[in-house]
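*Asks:* Here is the input, now give the coordinates:
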Amino acid sequence: MKRLLEAVRNSGAGLVLLATYVVFSVAAPSFFGPQNLLEILHVVSPMIVVAAGMAIVVMSGKLDISVGSTAYVASAIFAVIVRDGLLPFPAAVAVSIFVGLMLGLVNAIIVVGLKINSLIATLGTMIAFRGLGLSITDGGLIILPDAVKDLGNLAVGPIYLDTALALAILLVVQFVHRSTSFGRQITAIGNNEDVARRIGIPVDRRTVATLLLSGAFAATGGVIYTLQVGVNTAKIGDGMEFTAVAAVVVGGVSLFGGRGNILTSVILGSMIFQIVRSGLQQVGANPYSYRLVEGVVIFIAMYADALKVGTGSAGTRLFKKS
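*Replies:* Reported below is the predicted structural model:
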C-alpha cells in the first residue's frame, strides 16, 4: 500500500488518475465516495487479472495481443459447460483456465519454436482464437443459469469477491516478479535478451512460461467477466488486448521490457481507464467519445512521465533503442 501511494504521488499515471477522479467527482457528485470506488474496482477486476498476465509478458520484452480472444474462448467454453450442466462449477472454471493455458502454449510454440516476432504471432492467433470462440457459440448469446449468475456479484461486506481475487492474483504476480529468480530472469531478458542468454538464463523456457501465464490469466479474466454480466456474447474480450497493453504501459512498465513495477502499473493503468469510462457514463457523454478520451489520457500520462525524467528524454530513449 505504501508503494502504491508513492507511485500515485510520483508517477505521471498517478497524477492523471487523481486528476480524472477529481474532474469527474466535480462533474458528477455521485461519482465521489468509497462506494463508487469499490464498484469501479469490481468492474475492473477482469482487466486487472488480464493486465497482470500482460505485464509479465511485456516485462520480458514481448507482447501478447491475443489475450482478448483467449478470454472469449475461455468464456465460451465456460458458458457452454455451465449452461448444459456438463461439469460442476469448479471443474468448469478449471477447464476454462486450462484452455487458456493451451492457447498460451500455441503462442509459445509459434514465438519460441518458429522464432516469429511475438507481435506478429499473437496478431495471427488473436484472429484465429476469435474465430474458434465464434465457432463454439455460433456467434450467439449463451445465458448462464441464475444460480451461476449470482456468483459474479457476491461480496463480503463492501468488498466484492472478484475484486479480492483479482488483487490476490496481482499480489502473487508482484511477489513472483520481485522476489523470485524467475521474476529477476524475466526482467533481465527484457533488459537485454542477448546478454541474458550469455549469462545462462534459459530465455526460451522463460518466454514459454510468460505466454502460458498470460493465457491462463486471460482465461481467468474472461470467466470473471462472464460471471459479472451473466452471459457470453461475441463482444467479450473485444479490444481487451489493447486496453491491457495500454493500462500496463500507461501505469509505468516499459514497452521495451525490463523496467517497471507490475503492482502499481496494473492498478494505476487499469483504474485510469475504468474511471474514465465510469465518469463519462455518469456525466452522460456520447459513448462514441470514450475511445477519443482514452487516447488523450494515454498521451497525457506518457507525457507527464516524460516530463518527470526530463523533457525529450522519452523520445531520446526511443531513438536509442531503435
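
*Asks:* What strand or helix carries the nearest residue to residue 114 once chain neighbours are set aside?
*Replies:* For residue 114, ignoring the flanking residues on the chain, the nearest one in space by Cβ to Cβ, 6 or more residues apart in numbering is residue 121 at 7.7 Å. C-beta here means a position set from N, CA and C on the backbone, and glycine is covered the same way. According to DSSP states H and E, residue 121 maps onto helix 118-137.

*Asks:* Let me see the confidence value for the closest residue in space to residue 56 that isn't next to it in sequence.
*Replies:* Sequence neighbours aside, residue 210 is the residue nearest to residue 56 in space, at 5.0 Å (criterion: Cβ to Cβ, 6+ apart). pLDDT for residue 210: 97.

*Asks:* for residue 210, helix, strand, or coil?
*Replies:* helix (DSSP: H, G, I helix; E, B strand; the rest coil).

*Asks:* Pull the number of nearby residues for it.
*Replies:* Look at residue 210: counted by other Cβ atoms under 10 Å, it has 29 neighbours.

*Asks:* Check the one 4 residues further on too.
*Replies:* Using other Cβ under 10 Å, the number of residues around residue 214 comes to 32.

*Asks:* repeat for the one 10 residues further on
*Replies:* Residue 224 is flanked by 26 other residues according to other Cβ under 10 Å.

*Asks:* tell me which strands and helices whichever strand or helix holds it is in contact with?
*Replies:* Secondary structure assignment for residue 224, by DSSP H and E: helix 203-229. For helix 203-229, the helices and strands in contact under the criterion 3 or more Cβ pairs under 8 Å, 6 or more residues apart in numbering; DSSP states H and E are helix 34-59, helix 67-84, helix 89-108, helix 161-179, helix 181-191, helix 193-198.

*Asks:* could the ones you listed be laid out in CSV, adding mean neighbour count, mean pLDDT and distance to residue 142?
*Replies:* Below are these laid out as CSV (neighbours: other Cβ atoms under 10 Å; pLDDT from 0 to 100; distance: least, Cβ to Cβ, whole Å):
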stretch, mean neighbour count, mean pLDDT, distance to residue 142
helix 34-59, 25, 94, 17
helix 67-84, 26, 96, 4
helix 89-108, 20, 97, 12
helix 161-179, 18, 95, 20
helix 181-191, 19, 95, 36
helix 193-198, 14, 94, 42
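
*Asks:* about what we covered before: which strands or helices does the very next helix or strand once past the helix holding residue 121 pack on?
*Replies:* Moving toward the C-terminus from helix 118-137, the next helix or strand (DSSP H and E) is strand 142-143. Helices and strands touching strand 142-143, by 3+ Cβ pairs under 8 Å, 6+ apart, are helix 67-84, strand 231-232.
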